[in-house]
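J.: Starting from these lines, generate the structure:
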Amino acid sequence: MTFISRRHLLAASAATALPLLSRAAHAAGGTTLAQIKSSGELRIGCEAAYVPFTYRQGATIVGYDVELADLLCKPLGVKPVFVDTAWAGVIPSLYTKKFDVVMSSMSYTKERLERVSFTVPYAEASQALLVRAADADRIKAANDLNGRTLAVKLGSPGQILQDKMNASLKSAGGAGFKELRTFDDHPSAYVALAQGRVDGVLNTLATLAMVLKDAPGKYAIVKGMGGDNWAGIAARKEDTEIVEYLNTQLQALKASGAIYQLQEKWFGFRMNLADSIPSFS
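T.: Numbers count the residues shown, from 1 in each chain. So this is what the prediction gives:
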């Protein structure tokens, strides 16, 4: 059984209205770099609860994405301004121009690629499973989730992946998940895992590595929950100048090694970044 919140229903309604918003914005023309420079800032939508990408320390939003945004904006002479937004409505908010881009470890999915323009990858975003350390010997692969309860965050790639995983379990002769639970954010799902209310939480490998670091001995990670994937910066379809500029800067930061230095600082390792956006059949 899947629990669907009121926010989920609102997000579905917003997704239905999005093509109209997109066409209207396209007709008005894209935002130019000259306009961004004139405003003095690049407004960036994020979910400030996603350690270590974007999260709050007191009233300040910090993280890997924040420091990377500083490097991306410096050549343009503008300041990055992060706007904390409910993740389920982040793409509709992009098209109503609440901000200029979305940068909060947004991974590539077929649906998102149809709705926004992405830059090349700037972070890894492959899905993995967080389990309790006490269950590490019993849950070693996806097929060990038969008869167990899985948790995902509303609007995340994990929510899309859960249906494929459940279907795969059943097609292999298993019972499938006992229950699918949806949470408004990942920290709430981690609490449910610690309390024994769920048996696993789907999230990106890079983020789960930080969960293990912050709570040594409490959890374990199970890899192989989906194919390789990455995260990019998302912009409105018509904002081609912004995407081209960001791609140029990301490629320069890769060539200089600056982006890998940030990864070592925030994650403790260098990520294997693809040179292009993955394709989805």
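J.: so how far is residue 261 from the residue nearest to residue 56 when sequence neighbours are not counted?
T.: Distances taken as CB to CB, 6 or more residues apart in numbering put residue 48 closest to residue 56, at 5.1 Å, once the chain neighbours are dropped. In this view, the C-beta of every residue, glycine as well, is placed from N, C-alpha and C. Distance of residue 48 to residue 261, computed by CB to CB, to the nearest Å: 23 Å.
J.: Tell me how this protein divides into domains.
T.: 9-124+231-266, 127-222 (automatic domain parsing).
J.: between residue 48 and residue 261, which one's more packed in?
T.: residue 48 (21 against 13; other CB atoms under 10 Å).
J.: where does this protein have low pLDDT?
T.: 1-28 (pLDDT under 70).
J.: where's the residue of it most remote from its centre, which helix or strand?
T.: In terms of distance from the mean C-alpha position of the chain, residue 173 ranks first, at 31.8 Å (CA atoms, centre = their mean). Residue 173 is part of no helix or strand when elements are defined by DSSP states H and E.
J.: quick one: it and residue 231, what's the gap?
T.: Between residue 173 and residue 231 the computed distance is 35 Å (CB to CB).
J.: re the thing from before, any chance of the domains of the chain in JSON lines, with distance to residue 276 too?
T.: Below are those laid out as JSON lines (distance: least, CB to CB, whole Å):
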{"stretch": "domain 9-124+231-266", "distance to residue 276": "6"}
{"stretch": "domain 127-222", "distance to residue 276": "19"}
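J.: Secondary structure class of the residue nearest the centre of the chain, three-state.
T.: Residue closest to the average C-alpha location in the chain (CA atoms, centre = their mean): residue 106, at 3.3 Å. Taking DSSP: H, G, I helix; E, B strand; the rest coil as the rule, one finds residue 106 in the strand state.
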